[in-house]
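Q: Structure of the sequence below:
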Amino acid sequence: MRTTRIAALAAASLLFASAAQAEALDYRFDKVHTQVHASVNHLGWSNSTARLQVQDGVIRFDPDRLAASSVDVTVGLDTLDLGDATWKEHVSAEKWLDAANFPTARFVSTDVRPTGDASFDLVGELTLKGVTRPVTLHATINKAGPHPFTKKPALGVSATGTIRRTEFGVSEFAPMVSDEVQLRIELEASAAGE
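A: A predicted model of the protein is given here:
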């Protein structure tokens, strides 16, 4: 009985130690379950929303030192989905995103500031249409741990933020179509090389 109890305590100690010393890993985006949503107010009538997909990127996630984590992500502007081919053509044109000359947008974090047990501000630089500006995203870790299907370490995060499109040279119809663009990001990622 005493031997069983000692063995159980030893196993629990090892489990606790391994959890407390989780290592930082690089995570790759699950492109199926990761989306970027961008909304603008359309003439006061509606909040029109576009969806974009991640093209490439990596998250460096350190569960023990969240402030040491980082993100580098590229979004393909050719994935822009507005629910209408003609409207996509207009928004992709030179007066708007100029996707032919600037086919991607890129966000690179410069700082991670924990704001709670599972929340943080992700500070970084967004490059869009050849212009780089600071952006802060407010993020929440939804879940971190082994994925039930793949068994790989996985990560789920939701984030929101706001940018002013005129700061990136996208000024067509502002302010009738709002200068402020509301961002909502839903992402899933799995540890690379696992």
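Q: where does this protein have low pLDDT?
A: By pLDDT under 70, the weakly predicted segments of the chain are 1-22, 194.
Q: let's go with 80 and repeat that
A: Scanning the chain for pLDDT under 80 picks out 1-22, 193-194.
Q: mind listing the strands in it by residue range?
A: Secondary structure of the chain, counting by DSSP state E: strands at 25-29, 35-42, 46-61, 70-81, 104-114, 119-128, 131-146, 153-164, 180-191.
Q: can you list those in a markdown table and add distance to K88 and mean neighbour count?
A: No exception for glycine: its C-beta is placed from N, CA and C like everyone else's. Formatted as a markdown table, the strands of the chain follow (distance: least, C-beta to C-beta, whole Å; neighbours: other C-beta atoms under 10 Å):
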| stretch | distance to K88 | mean neighbour count |
| --- | --- | --- |
| strand 25-29 | 23 | 19 |
| strand 35-42 | 13 | 18 |
| strand 46-61 | 8 | 17 |
| strand 70-81 | 6 | 18 |
| strand 104-114 | 15 | 16 |
| strand 119-128 | 17 | 18 |
| strand 131-146 | 22 | 15 |
| strand 153-164 | 20 | 18 |
| strand 180-191 | 16 | 19 |
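Q: Which among those is found nearest to E94?
A: For E94, the closest of the strands of the chain is strand 70-81, at 12.6 Å, according to C-beta to C-beta.
Q: got the phi/psi numbers for the residue lying closest to E172 once chain neighbours are set aside?
A: With sequence-adjacent residues excluded and distances taken as C-beta to C-beta, 6 or more residues apart in numbering, E172 is closest to K95, at 4.7 Å. As for K95, its main-chain torsions (degrees, to the nearest 10) stand at phi -70, psi -20.
Q: so how many other residues sit close to K95?
A: 12 (other C-beta atoms under 10 Å).
Q: my guess is it contacts A174, does it?
A: No. At 11.4 Å, K95 does not count as touching A174 under the criterion of C-beta atoms under 8 Å.
Q: about what we covered before: would you mind giving the strands of the chain as a markdown table with distance to E89 added?
A: Below are those laid out as a markdown table (distance: least, C-beta to C-beta, whole Å):
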| stretch | distance to E89 |
| --- | --- |
| strand 25-29 | 27 |
| strand 35-42 | 17 |
| strand 46-61 | 13 |
| strand 70-81 | 10 |
| strand 104-114 | 18 |
| strand 119-128 | 19 |
| strand 131-146 | 22 |
| strand 153-164 | 23 |
| strand 180-191 | 19 |
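Q: Since that was my last question, I'll sign off now.
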